[in-house]
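[1] Structure for this input, please:
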Amino acid sequence: MRHVVIFARRPQLGRVKARLAADIGPVETLWFYRSTLSAVARRLSAGQSWTTWIGVTPDETHRKSRLYPRGVGRLPQGGGDLGARMARCLTRFGPSPALIVGSDIPDIDRRHIKAAFAALRHNDLVFGPSGDGGYWLVGAAQGARVGRLFDNVRWSTEHALADTLENVRREVRVGMLEQLADIDNGNDYRDWRQKI
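    The predicted structure is shown next:
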């Protein structure tokens with residue numbers, strides 16, 4: 001079985017996307033976050049050959065069904081920084097291929113997930129880079145082999161992907177997908193709104 005986990009924070013006013021909220025305000029930010037999370041979950045879970053989950057933080061909210069889109073399983077992310085939570089997520093599926101995607105990627109659809117799983121047939125890891133130096137997707141052919149992939153990564157900076165790739169062992173094969181935008185600030189949001 002293959003797995004896709006959408007990493008998400010409880011959609012609550014003033015608690016999501018702080019950099020975006022500083023630019024466009026907390027109400028519009030919450031609207032964007034809720035609608036994007038719902039759309040991404042619906043798109044990625046529609047009748048495919050993988051199981052779609054929402055990886056939730058804080059953990060205790062994963063049982064509160066009214067907060068999250070219906071029809072998608074929910075998992076707690078657990079404690080630690082983003083890297084520790086992502087490593088735990090990928091290893092939870094053992095030898096099964098698994099992907100983590102962001103909840104702030106409005107352009108992601110099933111073809112991106114299919115491309116990622118196709119890349120994992122020939123690679124140990126796969127990344128979907130974003131234009132800001134981070135990544136919108138990370139996947140592992142076998143989660144148990146992730147190791148220290150996310151150690152010492154400067155999250156939310158232009159170094160996140162480069163830092164992660166620096167942790168990849170020499171014998172590990174890495175595939176890259178197309179670049180997609182994640183919406184982190186007001187400029188990202190305005191650029192995305194002009195496209196739709």
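[2] This protein: strands as residue ranges?
    Listed in chain order, the strands of the chain (DSSP state E) span 3-9, 51-57, 73-76, 98-102, 125-129, 135-140, 174-176.
[3] Quick check: which ranges of the protein have low pLDDT?
    Residues of the chain meeting the criterion pLDDT under 70: 65, 67, 144.
[4] Mind doing that once more with 80?
    46-48, 61-71, 143-145, 196 (pLDDT under 80).
[5] Tell me where the longest helix sits in it.
    Longest helix in the chain, counting residues (DSSP state H): helix 26-45.
[6] Flag every buried residue along it.
    26, 29-30, 32-34, 36-38, 40-41, 43-45 (16 or more other CB atoms under 10 Å). Where C-beta positions appear, they are placed from N, C-alpha and C, glycine not excepted.
[7] if we can go back for a sec, would you list the strands of the chain in TSV and tack on distance to residue 90 and mean neighbour count?
    TSV is the format used below for the strands of the chain (distance: least, CB to CB, whole Å; neighbours: other CB atoms under 10 Å):
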stretch	distance to residue 90	mean neighbour count
strand 3-9	8	24
strand 51-57	10	22
strand 73-76	12	17
strand 98-102	5	25
strand 125-129	10	23
strand 135-140	5	25
strand 174-176	14	16
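[8] still on that earlier bit, ok, and what's touching the longest helix of the chain?
    4, 6, 8, 11-14, 16-17, 20-21, 24, 52, 54, 68-69, 71-72, 101, 103-106, 108-110, 113, 183, 189 (CB atoms under 8 Å, 6 or more residues apart in numbering).
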